[in-house]
Every structure is written in structure tokens, then in C-alpha cells.
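# the following block contains a protein sequence and its predicted model.
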Amino acid sequence: MSQQQQQRDYYDVLGVAKSADAAAIKKAFRQKAKELHPDTNKSPTAESQFKELGEAYAVLSDETKRRTYDAYGHEGLKGSSGMGGGASSWGFMDDFTDLSDIFSAFFNGGFSGGGGRGSANSPARGSDLRVSLKLTFMEAAFGCEKTIEVRRLDTCTTCHGSGAAPGTSPETCTHCNGHGQIRQTAQTMFGQFTQVVTCPHCNGSGQVMPHPCPDCQGEGRKEQTKPLELTIPAGVDSGTRLRVSNEGDAGWKSGPNGDLYVVLNVAADAHFVRDGYDVLSKIPVSFSQLALGDTVEIPLLKGVQSVKIPAGSANGTVITLKGEGIPQINQPQRRGEFRLQLEVQIPQKLSSAERDLLQQLRQLEQERMAKKPKAEPTKAGEEAPHPSGFFAKLKESLLGH
Ligand SMILES: [Zn+2]
Ligand SMILES: [Zn+2]
């Protein structure tokens with residue numbers, strides 16, 4: 001190639017300021033390289049512009065060359081190594097310090113190529129799986145053994161994961177000689193580039209399967225539903241996620257298995273309500289039990305316990321029994337509280353004896369009421385919020401008559 005008559009300023013070529021830092025230069029180069037790439041840009045000048053861009057980047061991305069260029073311009077670079085003499089006019093390519101930059105601009109993906117399993121030759125870990133499991137209140141509280149059905153990829157039992165039909169074996173790929181990668185030469189503006197890509201014939205495995213296993217089509221894994229026994233620890237709750245190691249999908253090419261995540265869903269109970277590790281329970285009691293006090297047998301999570309109701313307990317009183325709640329996960333000896341709330345039951349039907357007694361009771365209540373002063377005296381000059389005797393009358397009306 002003949003000496004270029006006039007060379008554009010490298011900063012102009014990249015479209016960056018003289019003060020641009022390395023990152024800005026790199027960014028500008030990548031962007032312009034994409035714009036000017038001959039695969040996409042059909043303009044007749046694209047080719048020469050692309051080349052010019054490569055030159056500019058080669059210099060400005062190299063600290064030493066950039067300093068020389070800043071001080072002496074294009075002339076200053078003439079004598080630098082790799083640029084002059086008998087080297088080809090593409091010689092500056094030898095000076096690229098970060099070849100992957102240029103490759104990623106050219107080949108849109110860089111060296112590694114292909115996504116999916118990553119390097120197709122290497123074993124891959126199986127996928128993690130997630131299943132949900134319903135438990136009763138008691139199963140969650142105290143733990144249980146469960147057998148669940150899991151649909152997952154298991155190592156194929158016909159070929160034991162090799163993917164080859166029984167009696168046959170995989171053969172070395174002749175295209176890549178078992179390396180899984182081949183060298184590919186690409187023609188670019190800068191001459192030939194050789195890059196290493198995944199072998200398309202064996203997909204990078206280095207082996208081909210002339211007779212794939214009929215059961216798994218050569219995959220080495222097969223979807224199967226298998227029963228799995230689980231031990232659910234005490235104290236779990238809705239939303240608890242249990243990890244079962246190695247029970248996810250089988251690995252690929254003897255890679256490790258994935259994990260299984262079991263997400264728990266705990267059903268509500270008719271008698272007990274859970275609050276973390278505490279349990280709430282409503283205990284029906286009669287008016288006389290509250291008024292006179294009593295000792296009652298209370299059904300707990302496990303067994304029953306005698307609980308004393310103090311005389312004169314208000315409706316809604318909560319009695320707390322420590323250590324009778326839900327066992328804590330991984331510390332089952334520690335348990336939450338059992339809180340029982342006394343809830344008075346008003347009988348819907350009364351026997352005649354009960355009615356007689358209640359009427360006598362009401363009689364007594366009214367008499368007691370009548371003995372009390374009708375209203376609280378108000379301070380002199382202060383306006384009473386309600387007419388004198390209002391509350392007493394209200395009480396009276398509520399109690400009957
Ligand atoms: Zn198979
Ligand atoms: Zn191959």
C-alpha cells in the first residue's frame with residue numbers, strides 16, 4: 001500500500017476529545033467499528049474508514065503510542081516498532097494489546113462463542129427444581145415424613161448417561177479430533193484472523209454419537225417421575241423453603257445434580273391459629289365459669305392440660321401457657337407459647353331449670369342496682385354531659401323491664 005497522502009487526526013477519527021480517557025476511547029471505537037463494519041455498512045468508503053478507525057484505535061489505546069502521537073503527530077509514529085519497515089501495511093495489528101476488543105467488534109461475541117451450557121465440552125450442573133408441598137397444621141408443627149413425586153431429569157438407565165446406544169460407544173469427532181473446538185479463519189479488512197470456535201459437528205463435546213441411545217436420544221438424561229422421601233423438620237410454616245441437595249435434575253456429562261427446593265404450604269386448623277411459634281386457641285366457657293372460676297381440661301397441641309380459670313375472669317381473658325406452642329426449627333426443644341382466650345358462650349336454648357335460675361339471678365341483679373345511687377353528683381357549675389341518672393337508666397333498660 002502506498003504512503004497515505006493525508007492522514008486524519010486520530011482523535012477526529014474516533015470522534016473523541018484529546019482529553020478522552022481509555023474507557024471513552026474504547027467505547028467510541030466499539031461503536032464506530034459496529035457502524036463501519038463491512039458486513040453491515042455497504043458504503044464504498046466504509047472499508048477505508050474501518051481501516052482508519054483500526055489504526056486510530058491501535059495508537060490511542062496504547063499509552064506509549066498515544067503520548068508519541070500527541071507530541072509528534074503521525075510523523076512521530078513512523079519509526080515505532082511494528083509500524084514501518086518491511087512489515088505489511090497491516091503491521092499495526094501486531095501491536096494490538098487487547099485483541100479481544102477487536103474480535104468482539106468484528107465477531108459480535110468474542111472468543112468464547114456459543115451460550116447455553118457455557119463450554120459445551122464441560123460437564124454441566126443439573127437445574128434446580130422447585131415443588132410445593134401441602135402440610136397439615138400438625139405436620140408442620142411437629143415435623144413428619146413425606147413421600148413426594150418429583151418429575152426431573154435423571155441419568156438415563158439404558159446408557160448410564162453416556163448417550164450411546166447399548167453396545168456402542170461415542171466416537172471421537174473427526175472434525176476437531178476430539179478437542180471440541182476448531183480454528184476458523186475470517187477475512188477482514190485487517191487481513192486474516194483466526195479464531196477458535198466451538199466445533200459445530202460435535203457441539204463442542206469432542207465426541208459424536210453414531211448410534212444415540214434410543215431411550216434418551218443421546219442426551220444421557222431422561223425425564224422421570226420418582227418418589228422421594230422427605231423428612232420435614234418440626235416448626236416449619238407456610239412459605240418455608242427446604243433445600244434437598246442433589247435431588248434436582250441430573251447433571252449433564254457427569255456434572256453435579258441440581259438441588260430440589262420444597263416450598264411448604266400449611267393448611268389452617270379448625271381449633272388452633274398460628275402466630276410464628278405461638279399458638280392461639282379460643283376456649284368456650286360459660287358465664288358461671290367466668291364468674292365463679294373453674295378448672296377445665298384444655299386440649300393443647302399434644303394432650304390436654306388442666307387450666308384454672310380465676311373467679312371473676314372477664315370475657316376474652318387470655319391465659320398463657322409457656323412452652324406449649326410450636327417447636328422452633330432446628331431447636332425443637334424450644335417452643336413458643338400457647339395462648340388460650342376465654343370466650344363466653346351464650347346458650348341458645350335453656351332448660352326450664354336454667355331459665356328459672358337465670359331469672360332469679362336477674363332479679364337479684366336488679367335489686368342490687370336499685371340500692372346504688374342513681375347518678376354521680378356533678379361539680380357545681382359544671383355542665384353534666386348527660387342528664388342525671390342517664391347511665392343507670394341505660395343499664396336498667398339493658399337488663400330488662
Ligand atoms: Zn440413554
Ligand atoms: Zn468436533
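Perfect, thanks for sending it. Ligands and ions are numbered 1, 2, ... in the order given.
# need the nearest residue in space to residue 53, chain neighbours excluded.
residue 32 (5.3 Å; CB to CB, 6 or more residues apart in numbering). Yep, even glycine has a C-beta here, placed from its N, CA and C like the rest.
# count the neighbours of the one you found for me.
Using other CB atoms under 10 Å, residue 32 has 22 neighbouring residues.
# and it, what element?
helix 22-36 (DSSP states H and E).
# average pLDDT for the following helix or strand past that helix?
The C-terminal neighbour of helix 22-36 among helices and strands, as given by DSSP H and E, is helix 46-60. Across helix 46-60, the average pLDDT comes to 84.
# what's the angle between helix 46-60 and helix 22-36?
For helix 46-60 against helix 22-36, the angle by axes from the mean of the first three to the mean of the last three CA atoms, to 10 degrees is 170 degrees.
# show me what counts as buried in helix 46-60.
For helix 46-60, burial by neighbour count (16 or more other CB atoms under 10 Å) applies to 46, 49-60.
# quick check: next helix or strand after that helix?
With DSSP H and E, the next secondary element past helix 46-60 is helix 63-77.
# so what secondary structure elements neighbour that next one?
helix 46-60 (3 or more CB pairs under 8 Å, 6 or more residues apart in numbering; DSSP states H and E).
# what's the distance between the residue in the stretch 1-150 of the chain positioned nearest to ligand 1 and residue 245?
Proximity of the stretch 1-150 of the chain to ligand 1 (CB to the ion) peaks at residue 126, 15.4 Å away. Residue 126 sits 12 Å away from residue 245, going by CB to CB, to the nearest Å.
# these two: who's more crowded?
Per other CB under 10 Å, whichever of residue 126 and residue 245 has more neighbours is residue 126, with 22 against 10.
# quick check: phi and psi on the more buried one?
phi -70, psi 160 (degrees, to the nearest 10).
# show the model's pLDDT score for it.
With respect to pLDDT, residue 126 scores 93.
# contacting residues for it?
Residue 126 is in contact with 152, 153, 221, 248, 249, 250, 251, 252, 255, 256, 257, 258, counting by CB atoms under 8 Å, 6 or more residues apart in numbering.
# likewise residue 169?
Residue 169 sits next to residue 162 when contact means CB under 8 Å, 6+ apart.
# any chance of the backbone angles for it?
With angles defined as degrees, to the nearest 10, residue 169 sits at phi -140, psi 160.
# before we move on, back to that, the helix holding residue 32: how far from the chain's middle?
Counting by CA atoms, centre = their mean, to the nearest Å, helix 22-36 is centred 36 Å from the centre of its parent chain.
# again, but for stretch 153-172
Using CA atoms, centre = their mean, the mean C-alpha position of stretch 153-172 is found 34 Å from that of the whole chain.
# put the alpha carbons of it into PDB.
Extracted C-alpha coordinates of stretch 153-172, given in PDB (Å, rounded to 0.1, in the frame of the first residue of the first chain):
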ATOM      1  CA  LEU A 153     -34.200 -35.300  34.500                       C
ATOM      2  CA  ASP A 154     -32.400 -38.400  35.700                       C
ATOM      3  CA  THR A 155     -29.400 -40.100  34.300                       C
ATOM      4  CA  CYS A 156     -30.600 -42.500  31.600                       C
ATOM      5  CA  THR A 157     -30.500 -46.000  32.900                       C
ATOM      6  CA  THR A 158     -30.200 -47.500  29.400                       C
ATOM      7  CA  CYS A 159     -27.000 -45.800  28.500                       C
ATOM      8  CA  HIS A 160     -25.900 -44.700  32.100                       C
ATOM      9  CA  GLY A 161     -25.600 -41.200  30.900                       C
ATOM     10  CA  SER A 162     -23.200 -41.800  28.000                       C
ATOM     11  CA  GLY A 163     -25.900 -41.100  25.400                       C
ATOM     12  CA  ALA A 164     -24.700 -44.000  23.300                       C
ATOM     13  CA  ALA A 165     -26.900 -47.000  22.400                       C
ATOM     14  CA  PRO A 166     -26.100 -50.100  24.400                       C
ATOM     15  CA  GLY A 167     -23.100 -51.900  22.900                       C
ATOM     16  CA  THR A 168     -21.900 -48.800  21.100                       C
ATOM     17  CA  SER A 169     -19.800 -46.000  22.300                       C
ATOM     18  CA  PRO A 170     -19.300 -42.400  21.300                       C
ATOM     19  CA  GLU A 171     -16.600 -41.800  18.800                       C
ATOM     20  CA  THR A 172     -14.000 -39.100  18.600                       C
END
